[in-house]
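Student: quick one, structure for this:
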Amino acid sequence: MGCGGSNQAKCEMGSTEKSIKAALLIQRWYRRYQARLEARRRCTWNIFQSLEYAGEQDQLKLYNFFNDMMSVINDDSKNAYIVNGTDEEGTPSKDGTVIKNPATDFSDIEVEADYKGAHLTFPLTIKMVQELIESFKNGRILHTKYVLQVLSEARKILKEKPNINQATTAIAKQITVCGDLHGKLDDLLVIFYKNGLPSPENPYVFNGDFVDRGPFSVETAILLFCCFLLYPNEVYLNRGNHEDHVMNLRYGFIKEVQSKYKMSRTDPNQRDDYTVRGKQHASRIIKTFQDVFAWLPLATVINGKVLVAHGGISDKTDLTFLNSIDRYRYKSVLKPPLKEGAEPITGDDDDLARKVDFVEWRQVLDVLWSDPKLHDGCSPNSFRGGGSYFGPDVTRKILAKHNLDLLIRSHECKPEGYEFIHDGLVLTVFSASNYYEIGSNRGAYVKLGMDLKPQLVQYMVSKSHQKLTTKQRVSRVESSAMRDLKEIITANKSKLKEAYLKFDPQNTGFITVNEWAHAMNETLDIAIQWRTLKERLVRCNDEGLVEYESCLELEVLYSVADGDGPSITEALYRNKSSLETIFRTMDKDQSGTITMDEFEDACELLSSHIGTTLSKESIRDMARCIDINKDGIIDFNEFLEAFRLVDPHGNQFAGEGEHSQSNSVADLKAVTDELQKSTANGNGANML
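Tutor: Got it, this is the predicted structure:
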């Protein structure tokens, strides 16, 4: 009996031990599995962020060109708005009456009887804003007249605001701070749904970057301005680095306005008038937005203790000085105003320092463009190409100087929608979920109570992500990142081949992994861990050497010309974003097309810029050749086609895919429906 009991105990102990070992084995496997997923996620994130910042660097590299272009345009009073803004609402005449500015005046615009969108009268009411939201949900575009009225009314109030807003929680006992929205109307609607519409009891700070990248930038900005008009003392709008005309030329806002307002709602049978008036409407909206953006305050201070600024600070930041400058002079922060009597900038640093108030410019630039870093010190933000990197010592110094406790900034997409850094003294809040790809990141906003302790709310606006596993989400985002990366590689094949051959003078076709990674990093100027990507991009032999030609065999969107040099098409694809930006800069009236006069002015500028003389007759002949359909104007497709026609191999260029307006509307309605269902099921906000 005793022996039998002992054996039974041993069996039981053995079974328990096996269970524990099995649990430990599963736990160990799961941790490794999660670690691999996290490594893939971080690598993917690094790719997306590096490509985004490389694009901003390219934008700033065009600075000299834009400076020359805009200097020439400035000599033409008809187009001076590109540099100097719009003369606002008009100028007083000798008899005291106001002469309306035709560029932004809306008194001649009628709202047609068949218009089905929201109707606005001023002053606005909360009911009108609610009807506007429903109209946007249904994909209806707000009428040009109402857009211009909203912007005009917002400008009147913004002009009275200081550079640094002073917000308080004394009345509402709380305040909500939102980060970048980037035209993601669905994210803004989710914030309003979860947190409530702005009101005296529910104040908001929106920390810049309302527009660009997303498909609903117009709607997002207009809705924010309407909330501001309703409650100008409870809604605080900070300027971001994308509330800038030069940035809008590249990152989609100008293109969106032209697409949505290029046609006026006049008689479609009168086709010429229909088109011309529509282009005028788009131009008016663009010019007015540009002017209103320049009036946006640069920062907000809450209860005298929390600084909210889009980018951040630097070791030179002085809030007293920042609050005293004329912010309206900085129509584009990328093109600072010249000192009185100064000649146009030539581009070198010494010339810039002589002709621009560099101390004042840096105050604005740092607040809008800077990023925090882990280590002490302050240095130029070389990753973005503008602003500063500021370390924890700089944060402590500036906060102590102004008796502040916390810096809330945005400007950087974060996987969880927020991130604390510098021992909790800096909080980054980013409110655009799915920024890079569906499932790539959450959005977040922060609520501050009377104690000013941050309470974060996270969300992800998507109909499909909830049905995907973590592995599926990571794989989906990873595939998107690799696709973008491969497009960059294929656009630089010729340069990469030259870099590989420097390490392989004998032309064996193989180099080491370190040599391959060095060539990729130096050629593409993208700081990512290339070694971790080698299995996805290249083949290796049994000795571990990289067969570099396999990197150039990636699926491409076009064929590369024979020979050692790149084809015209390859160069076109590589510089497509810059070409589109240049095209929209040539388009002085923002009509979406370039007239013959605009093309002639631009070519004269370019010829002087590169030191080559072109006769007017040669320029006209060139324009006639580019104008393929002979309608007297050049659209963007014809502009790109001109490059293809000189490609002797006739390679076909494939442009970037775009998320259509109809698909975006469908997604927005689906998200709203899904949100209603989740709320009905009792799923609330993820409160941290």
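Student: quick one: the host helix or strand of residue 364 to chain centroid distance?
Tutor: Using DSSP states H and E, residue 364 sits in helix 358-369. Relative to the mean C-alpha coordinate of its chain, helix 358-369 is positioned 19 Å out (CA atoms, centre = their mean, to the nearest Å).
Student: how about it: buried residues?
Tutor: Neighbour counts over helix 358-369 (16 or more other CB atoms under 10 Å) mark 360, 361, 362, 363, 364, 365, 366, 367, 368, 369 as buried. For every residue, glycine as well, the C-beta is placed using N, CA and C.
Student: could you list every helix and strand in contact with that helix?
Tutor: On a contact count with 3 or more CB pairs under 8 Å, 6 or more residues apart in numbering; DSSP states H and E, helix 358-369 meets helix 319-322.
Student: so which elements touch the helix it packs on?
Tutor: Against helix 319-322 (3+ CB pairs under 8 Å, 6+ apart) you get strand 299-302, helix 358-369.
Student: for residue 138, find the nearest of these.
Tutor: Among these, strand 299-302 comes nearest to residue 138, with 33.0 Å by CB to CB.
Student: hang on, the earlier thing: and of the buried residues of helix 358-369, the nearest to residue 23?
Tutor: residue 369 (50.7 Å).
Student: nearest spatial neighbour of that closest one, chain-adjacent residues omitted?
Tutor: Nearest residue to residue 369, sequence neighbours excluded (CB to CB, 6 or more residues apart in numbering): residue 387, at 2.8 Å.
Student: ok, the one you found touching residue 370?
Tutor: Yes. Counting by CB atoms under 8 Å, residue 370 is a contact partner of residue 387 at 4.0 Å.
Student: who touches both of these two?
Tutor: Applying CB atoms under 8 Å, 6 or more residues apart in numbering, one finds that residue 387 and residue 370 are jointly contacted by 311, 312, 314, 381.
Student: please tell me how far the residue nearest to residue 337 when sequence neighbours are not counted sits from residue 155.
Tutor: With sequence-adjacent residues excluded and distances taken as CB to CB, 6+ apart, residue 337 is closest to residue 329, at 4.4 Å. Distance, residue 329 to residue 155, by CB to CB, to the nearest Å: 16 Å.
Student: more crowded one of those two?
Tutor: residue 155 (20 against 16; other CB atoms under 10 Å).
Student: tell me which element the residue nearest to that one when sequence neighbours are not counted is part of?
Tutor: Once flanking residues are discounted, residue 155 sits nearest to residue 292: 5.0 Å by CB to CB, 6+ apart. For residue 292, the host element (DSSP H and E) is helix 271-295.
Student: average model confidence for that helix?
Tutor: What helix 271-295 shows for mean pLDDT is 75.
Student: circling back to that earlier point, which two of the buried residues of helix 358-369 have the greatest separation?
Tutor: 360 and 369 (14.9 Å).
Student: show me where pLDDT drops low in the stretch 551-688 of the chain?
Tutor: Applying pLDDT under 70 to the stretch 551-688 of the chain flags residues 554-582, 584-585, 588-591, 604-614, 628, 640-688.
Student: are we agreed that residue 328 is in a helix?
Tutor: Yes. Judged by DSSP: H, G, I helix; E, B strand; the rest coil, residue 328 forms part of a helix.
Student: how close does it sit to residue 381?
Tutor: 25 Å.
Student: the two: which is more packed in?
Tutor: Between residue 328 and residue 381, counting by other CB under 10 Å, residue 381 is the more crowded of the two (24 against 16).
Student: identify the residues contacting that one.
Tutor: Shown in contact with residue 381 (CB under 8 Å, 6+ apart): 369, 370, 371, 387, 388, 389.
Student: try residue 409
Tutor: 207, 308, 309, 310, 311, 312, 372, 426, 427, 428, 429.
Student: which ones among the residues you listed lie within helices?
Tutor: Among these, no residue falls in helices (DSSP state H).
Student: buried ones among the residues you listed?
Tutor: So, by 16+ other CB under 10 Å, the buried ones in these are 207, 308, 309, 310, 311, 312, 372, 426, 427, 428, 429.
Student: so which of these sit within strands?
Tutor: 308, 372, 426, 427, 428, 429 (DSSP state E).
Student: measure the closest residue to the fourth one other than its chain neighbours to residue 323 for me?
Tutor: It refers to residue 427. Nearest non-adjacent residue to residue 427, counting by CB to CB, 6+ apart: residue 408, 5.0 Å away. Computed as CB to CB, the residue 408 to residue 323 distance reads 18 Å.
Student: more neighbours: those two, which one.
Tutor: Of the pair residue 408 and residue 323, residue 408 is the one with more neighbours under other CB under 10 Å, namely 23 against 17.
Student: give me the element residue 32 is part of.
Tutor: Going by DSSP H and E, residue 32 is in helix 2-61.
Student: now swap in residue 220 and tell me
Tutor: Assigned by DSSP H and E, residue 220 falls in helix 217-230.
Student: now stretch 496-514: buried residues?
Tutor: 496, 497, 499, 500, 503, 504, 510, 511.
Student: if we can go back for a sec, would you turn the buried ones among the contacts of residue 409 into TSV with distance to residue 616 and pLDDT?
Tutor: Output for those, formatted as TSV (distance: CB to CB, whole Å; pLDDT from 0 to 100):
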residue	distance to residue 616	pLDDT
207	49	97
308	52	98
309	48	97
310	45	97
311	44	95
312	49	95
372	52	95
426	55	97
427	57	98
428	52	97
429	53	98
